[in-house]
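J.: Give me coordinates for this.
(one chain, ligands or ions: 1)
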Amino acid sequence: MTIAEKDQLIEDRVQSSRMLGRNKSLVLHGGGNTSVKVREANLVGEEEDILYVKGSGWDLETITREGFSPVRINHLKKLARLPELTDSQMLNELVTHQTKASAPVPSVEAILHAIIPFRFVDHTHADAVVAISNSVNGDEILKEIYGDTVIYVPYIMPGFDLSRLCATILEKELTPEKRGIILLHHGVFTYGETATESYDRMIELVGKAETYLAEKKTPGSTVKQYKLPGDFTSGLCALRKKIADVAGFPVIIKRADDAKSMDFCNRSDVAIISRQGPATPDHVIRTKRLPLVGRDIDAFAREYSNYFAEYEPLAKDRKTMLDPAPRVVLDPVLGVCAIGKTVKDATIVADIYDHTIDIILAANAIGGYVALPARDIFDVEYWELEQAKLKKAGNLPPFTGEIALVTGAASGIGKACALSLLARGAVVVGVDINPAVKDISSDPSYYGMVVDLASEEGLISTIQQTVFLFGGLDMLVLNAGIFPESSKVSELAYEKWQRVLQVNLDVNFRLLQEAYPCLKLAPKGGRVVIVGSKNVAAPGPGAAAYSVSKAALNQLARVTAMEWGKDNIRINSVHPNAVFDTGIWTEEVLHSRAMHYGLTIEEYKKNNILKTEISSRDVSELVAELCSHVFAKTTGAQIPVDGGNDRVI
Ligand code: ZN
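T.: Numbers count the residues shown, from 1 in each chain. Predicted coordinates for the structure are as follows:
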């Protein structure tokens, strides 16, 4: 095999893997894997058979050449003949028999790929096949559909034992007329001499299952109108608090309230059909073995502990119980609630459950859904390899799972606050009347909302939307405000005075009121930070409306801190001064202000006791830290960020 031929094979492998990955009914979030077998020379000129197999941590949809790990085939084949191999031994062998040190860890199904004697091998957990396999007469139906054209492998946990079992079965049953392998309750393997052949067989086999289901499909749902009750927001916050308490960490909730999800949650038999078990072993780690139907989280936790107590003594190694909180909640009012530590995690759970609903409904239409026995599910959920992966993900930033709302986030201090909170792992909703707020970050944990907070409607919907999108509200940064042009009291128009007080004071008063029920239910305690001003302690002539609004806001914060302490909500203020890296301070304005005081721009910027320049980021880092455990025992405080000012000190 020439280098060019080998490169072409790998390129074909990348392309058809991506095609599989784009089809969400075949492959979801890192599920499924593919491989290609090539011959290549090593540095001393010896030719070797190498398996390029998907590495863990890569998604088929976006995989590149770097996502495939090259492993020596001969060694893998020898391993398949061993009577026994623990997961960690297997992993060690996979990693130490790669030919590239920097390659990702090969898929745990690498041995299985090696023993299938075809150049290209594709593996998916196709919804349709899994749905049929998980139905009452699944085995018979599969035989009716595929007859002798495929090899059937009974369910066994993924990993070495599955590879070994397949090796034995393939030896006897792999004949030219077999077009693929069906792993019961798990998925499909196809193979071929070209990437296209293997891919086409996958589409053909899965297509047959899809056609079978389509013919049996029960009529679609009657899309009912599900009405949201008035206490929807606090109901969702309360659910999140309860889950976080049981889990031991704050969580993000992604809701699905489309017609399919709502109909499913409102079925009279939802508790029965949803609680048979997960669709494939691949899903267990993300969704746990069962969803919670309704909101009795304590009952779920008890049930989960009992399940652990029942199966743990049968497990090979001693395990520690995972947190007993649900990952999916099916509620007739809230819809399908997917739970995760991060937006990404919750989104994956949401996607998996969306497919689980399809699978359950499809299986239900052909006689009823049955999942694996609880013992098998336990083995996957407490699989040492998966637990090791979870442990590795343990080092998360401090605000992981928490939700912050920042007003005036399109620019300046507000934007900096959003970024400082994001950097600490929080989900951030940035609000501004300026549409630029949508684009200040491309982080999936950021959501920009264009809202006029001066309207009562906009203000209420801001809090509601935040809770609808992520499940709650933990931190509120009240930064939005206006600084009108200088005007003496004797000349200040009453409308202007009113407008400044409305935006800088009334809006914040109403936001505090609306956020209160949510902040009260923040798992780690609610936190409010108010961006005040040096003018509170040291006002200047010509800024009456602004100084009065900020002073009143300051007093509001102090009173609120006293009232809400019992609810474990902390409220602190920062008082910045002379922050020049914001939109209003153009070179021109700076120049004219500096001239006014007879200073150079440089002197004017550093006109404080520490002779230092203050940036938006200096302010935002303090704001974020005020929300952290460092200030866990501080409330009602006011902290200047002004380089030191002798009128304030
Ligand atoms: Zn699999």
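
J.: Quick check: Cys337 is in a strand.
T.: Yes: counting by DSSP: H, G, I helix; E, B strand; the rest coil, Cys337 is located in a strand.

J.: Is the nearest residue to Gly565 once chain neighbours are set aside in a helix, a strand, or coil?
T.: Spatial nearest neighbour of Gly565, chain neighbours left out: Thr635 (6.0 Å); criterion: CB to CB, 6 or more residues apart in numbering. C-beta here means a position set from N, CA and C on the backbone, and glycine is covered the same way. Of the three states, Thr635 takes coil according to three-state DSSP.

J.: nearest spatial neighbour of Asn74, skipping sequence neighbours?
T.: That would be Asp49: by CB to CB, 6+ apart, it lies 6.4 Å from Asn74.

J.: What about that neighbour, how many residues nearby?
T.: Using other CB atoms under 10 Å, Asp49 is surrounded by 16 other residues.

J.: do Val251 as well
T.: There are 29 residues near Val251, going by other CB under 10 Å.

J.: any idea how far it is from Glu402?
T.: 9 Å (CB to CB, to the nearest Å).

J.: Quickly list what's touching both of these two.
T.: Jointly contacting Val251 and Glu402 under the rule CB atoms under 8 Å, 6 or more residues apart in numbering are Pro523.

J.: mind listing the strands for the stretch 51-200 of the chain?
T.: 68-72, 120-124, 150-153, 180-183, 187-192 (DSSP state E, counting those that start in this stretch).

J.: mind saving the C-alpha coords of the last one as CSV?
T.: What that stands for is strand 187-192. Extracted in CSV, the C-alpha atoms of strand 187-192 (Å, rounded to 0.1, in the frame of the first residue of the first chain):
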residue,chain,number,x,y,z
GLY,A,187,-26.8,-1.0,18.0
VAL,A,188,-25.5,-2.0,14.6
PHE,A,189,-22.2,-2.8,13.0
THR,A,190,-21.7,-2.8,9.2
TYR,A,191,-18.5,-3.3,7.2
GLY,A,192,-17.2,-3.3,3.7
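
J.: Need the residues that contact it.
T.: 32, 112, 116, 118-126, 129-130, 179-183, 198-202, 205-206, 280, 282.

J.: Out of the helices and strands in this protein, which is least certain?
T.: helix 384-392 (a mean of 66; mean pLDDT, DSSP states H and E).

J.: Below-threshold pLDDT in the stretch 201-350 of the chain: ranges please.
T.: Counting by pLDDT under 70, the stretch 201-350 of the chain has low-confidence residues at 218-225, 227, 230, 316-317.

J.: quick revisit: report the beta-bridge partners for the residue nearest to Asn74.
T.: Arg39 (DSSP bridges).

J.: Am I right that Lys611 sits in a strand?
T.: No: according to three-state DSSP, Lys611 belongs to no strand; its state is coil.

J.: That one: what's it in contact with?
T.: Gly643.

J.: picking that back up, and for the residue nearest to Gly565, the neighbour number?
T.: 22.

J.: got it, and Val44?
T.: 5.

J.: next one: Ala128
T.: 24.

J.: wait, isn't Arg119 in contact with Glu197?
T.: No: using CB atoms under 8 Å as the test, Arg119 is too far from Glu197 to be in contact (9.0 Å).

J.: and Ala423, what does it touch?
T.: Pro397, Ala624.

J.: how about the strands in the stretch 501-649 of the chain?
T.: 526-531, 569-576, 638-641.

J.: Hmm, Gly425 is touching Pro398, no?
T.: Yes: using CB under 8 Å, Gly425 is in contact with Pro398, at 6.2 Å.

J.: hang on, the earlier thing: give me the pLDDT value at the residue nearest to Gly565.
T.: Thr635 is assigned a predicted lDDT (pLDDT) of 98.

J.: Now do the contacts for Val36.
T.: Counting by CB under 8 Å, 6+ apart, Val36 has contacts Leu9, Ile10, Asp12, Arg13, Leu51, Tyr52, Phe68, Arg119, Phe120, Val121, Ala195.

J.: Over to Val150?
T.: Lys178, Arg179, Gly180, Ile181, Ile182, Leu205.

J.: The fifth one: neighbour count?
T.: When counting by other CB under 10 Å, one arrives at 23 neighbours for Ile182.

J.: That one bridge partners, please.
T.: Tyr152, Val188.

J.: what about it, distance to Thr356?
T.: Relative to Thr356, Ile182 is positioned 20 Å away (CB to CB).

J.: Return the set of buried residues in the helix or strand following the least confident helix or strand of the chain.
T.: Using DSSP states H and E, the helix or strand that follows helix 384-392 in sequence is strand 403-407. Across strand 403-407, burial judged by 16 or more other CB atoms under 10 Å covers Ile403, Ala404, Leu405, Val406, Thr407.

J.: Same question for stretch 642-649.
T.: Buried residues in stretch 642-649 (16+ other CB under 10 Å): Asp642, Gly643, Asn645, Val648.

J.: Between those residues, which sits nearest Glu93?
T.: Taking CB to CB as the measure, Glu93 lies nearest Gly643 of the buried residues of stretch 642-649, at 60.7 Å.

J.: where's that closest one relative to Ala537, distance?
T.: Noted for Gly643: a distance of 14 Å to Ala537, by CB to CB.

J.: for Gly481, same thing?
T.: 17 Å.

J.: So between those two, which is more surrounded?
T.: The neighbour comparison of Gly481 against Ala537 (other CB under 10 Å) goes to Gly481, with 23 against 19.

J.: Report the contact partners of that one.
T.: With contact set as CB under 8 Å, 6+ apart, Gly481 has these partners: Gly408, Val503, Asn504, Val531, Ser549, Lys550.

J.: which among those gets closest to Val630?
T.: The closest of the contacts of Gly481, once distances to Val630 are taken by CB to CB, is Val531, at 18.5 Å.

J.: Give me the nearest residue to that closest one, chain neighbours excluded.
T.: Leaving aside its sequence neighbours, Val531 sits nearest to Asn479 (CB to CB, 6+ apart; 4.2 Å).

J.: pLDDT at the one you found, what is it?
T.: For Asn479, the model assigns a pLDDT of 97.

J.: residue contacts, it?
T.: Neighbours of Asn479 in contact, by CB under 8 Å, 6+ apart: Val406, Thr407, Gly408, Ala409, Ile413, Gly414, Cys417, Val531.

J.: Please repeat the previous calculation with a cut-off of 7 Å.
T.: Val406, Thr407, Gly408, Ile413, Gly414, Cys417, Val531 (CB atoms under 7 Å, 6 or more residues apart in numbering).

J.: Equivalent analysis for Asp296, please.
T.: For Asp296, the contact set (CB under 7 Å, 6+ apart) is empty.

J.: For it, grab phi and psi.
T.: The phi/psi pair for Asp296 (degrees, to the nearest 10) reads phi -80, psi 80.

J.: before we move on, back to that, let me have the contacts of Val36 in JSON lines, extended by pLDDT, distance to Ala371 and neighbour count.
T.: What follows is the contacts of Val36, written out as JSON lines (pLDDT from 0 to 100; distance: CB to CB, whole Å; neighbours: other CB atoms under 10 Å):
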{"residue": "Leu9", "pLDDT": "97", "distance to Ala371": "38", "neighbour count": "20"}
{"residue": "Ile10", "pLDDT": "97", "distance to Ala371": "37", "neighbour count": "17"}
{"residue": "Asp12", "pLDDT": "97", "distance to Ala371": "36", "neighbour count": "18"}
{"residue": "Arg13", "pLDDT": "97", "distance to Ala371": "33", "neighbour count": "27"}
{"residue": "Leu51", "pLDDT": "98", "distance to Ala371": "32", "neighbour count": "26"}
{"residue": "Tyr52", "pLDDT": "98", "distance to Ala371": "33", "neighbour count": "25"}
{"residue": "Phe68", "pLDDT": "97", "distance to Ala371": "32", "neighbour count": "27"}
{"residue": "Arg119", "pLDDT": "97", "distance to Ala371": "35", "neighbour count": "19"}
{"residue": "Phe120", "pLDDT": "98", "distance to Ala371": "31", "neighbour count": "26"}
{"residue": "Val121", "pLDDT": "98", "distance to Ala371": "26", "neighbour count": "26"}
{"residue": "Ala195", "pLDDT": "97", "distance to Ala371": "33", "neighbour count": "24"}
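
J.: Right, I'll call it a day here.
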